[in-house]
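1. This is a predicted model, with the sequence first.
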Amino acid sequence: MKAGFVRVLSLPGSRLRDKKYRNQLSVFLICLSVSTLVWLVIKLSKEYSLIINWPVSYQNVPAGKVLALKSDTSLLFQIRGKGFDLLRTYFNGPSQRVNVDLSKLRFLRDKGILRNAYLLTYDIKTILASQLQLDEGLISIKPDTLFFHLAPMRSKRLPVIAPIRYTTAPSFGLYGNIVIKPDTIRVEGPAALIDTMKFIKTKKIKLDALEATSNTKTYLSERYKNLPLNFSHQTFQVKIPIEKYTEATVTVPIASSNDSCRMRFFPEKINIICQVAMRDYKRLEPSVFKLSVDCDAALKSNSRFISPHLVTSPDYLKVIRMEPALVEFIILQ
């Protein structure tokens, strides 16, 4: 901008090169600024009427009840006042919620039960004006009546489910189970709604290329945002245990499933190839596996080869394959 101004000054015939003209221009701009400021002060000193749509939150719901239905989530305020005050109210207002106290609810009887209720905004006008730091006489509120439906409160403990999508880096994998804390929470709300709920969902979690155990914080799903429910917990910790895995081979002897049936196998031992976490590698030994061949199946077989059955294996590893998959056998008399 400075370079452009210099170019304008250097133009042949430019009046800005005239010092007298520049002084006159400066005086003109100062006068224009002062007059604009005076005009603005005069305008903002006058009284105006301003309409603001203000979001509300409800407090002090009667004990043992929950708001199943509420007529309005916002109130329309018509505010009169000087321009300076209205300007501040306009810019600060919608960013904050107005708290509506339900301790002054008036009830209607529905078959002898106090259930439907209403609240005259005139009854809470003083409180709302105090919140807005305005004169009560300068405020009018619409609608003039708020209607509510109160339902019996019911509580229920529900399991928590966290929708998780994750991938691991090569040679890494899940070690054990994913842990959610807390894994159950207490939910309060209308009986008709609580009775249909089987579980609670959190927000979706997506993680890629994990190389270590992940501890992630998550929150309740947005689906519950506008429901008349209270939750004992709003945040959750999700632990995804990750370990480095390696491929290992264990040589395990084969046995007959029936002690009364004498069999001989060729080979007598086979290799079990498995995937195991590095931390469990030292725990691998033949004794943690059990391989057997069904004697009755071998007697009925028309083949000299049979597939051994893996009866027992540890839960901290994943069996990939057995080599060889078939062994030759003979039945001894």
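-> On my side now, so go ahead.
2. C-alpha from now on. contacts and neighbour counts both.
-> Will do.
3. Show the end-to-end separation of stretch 229-240, please.
-> End-to-end span of stretch 229-240 (CA to CA, to the nearest Å): 29 Å.
4. Name the residues that touch that stretch?
-> 162, 174, 177-182, 185-190, 213-220 (CA atoms under 8 Å, 6 or more residues apart in numbering).
5. Report the buried residues of it.
-> Across stretch 229-240, burial judged by 16 or more other CA atoms under 10 Å covers Leu229, Phe231, Phe236, Gln237, Val238, Lys239, Ile240.
6. so what's Val179 up against?
-> Val238, Lys239, Ile240.
7. Show the buried residues in the contacts of stretch 229-240.
-> Ala162, Leu174, Ile180, Ile185, Val187, Glu188, Gly189, Pro190, Thr218, Leu220.
8. Same list, those residues, but as CSV with secondary structure please.
-> Conversion of the buried ones among the contacts of stretch 229-240 to CSV gives the following (DSSP: H, G, I helix; E, B strand; the rest coil):
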residue, secondary structure
Ala162, coil
Leu174, strand
Ile180, strand
Ile185, strand
Val187, strand
Glu188, strand
Gly189, strand
Pro190, strand
Thr218, strand
Leu220, strand
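9. got the contact list for Ile205?
-> Counted by CA under 8 Å, 6+ apart, Ile205 has contacts Ala162, Pro163, Ile164, Arg165, Tyr166, Thr218.
10. Do I have it right that Pro228 meets Tyr58?
-> No. Here Pro228 lies out of contact with Tyr58, judged by CA atoms under 8 Å, at a distance of 11.3 Å.
11. Please parse the protein into its domains.
-> Domain ranges of the chain: 47-152, 168-243, 245-331, per automatic domain parsing.
12. could I get those domains as TSV with mean pLDDT and distance to Asn23?
-> Shown next, in TSV, are the domains of the chain (pLDDT from 0 to 100; distance: least, CA to CA, whole Å):
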stretch	mean pLDDT	distance to Asn23
domain 47-152	72	35
domain 168-243	94	63
domain 245-331	91	81
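13. Nearest to Ser33 among those domains would be which one?
-> Closest approach to Ser33 among the domains of the chain (CA to CA): domain 47-152, 19.2 Å.
14. could you pull out the helices for this structure?
-> With DSSP state H as the criterion, the chain has helices at 2-10, 19-44, 83-92, 125-132, 191-194, 295-300.
15. Outside of the fifth one itself, list whatever touches it.
-> Translated: helix 191-194. Ala151, Pro152, Met153, Arg154, Ser155, Lys156, Val187, Glu188.
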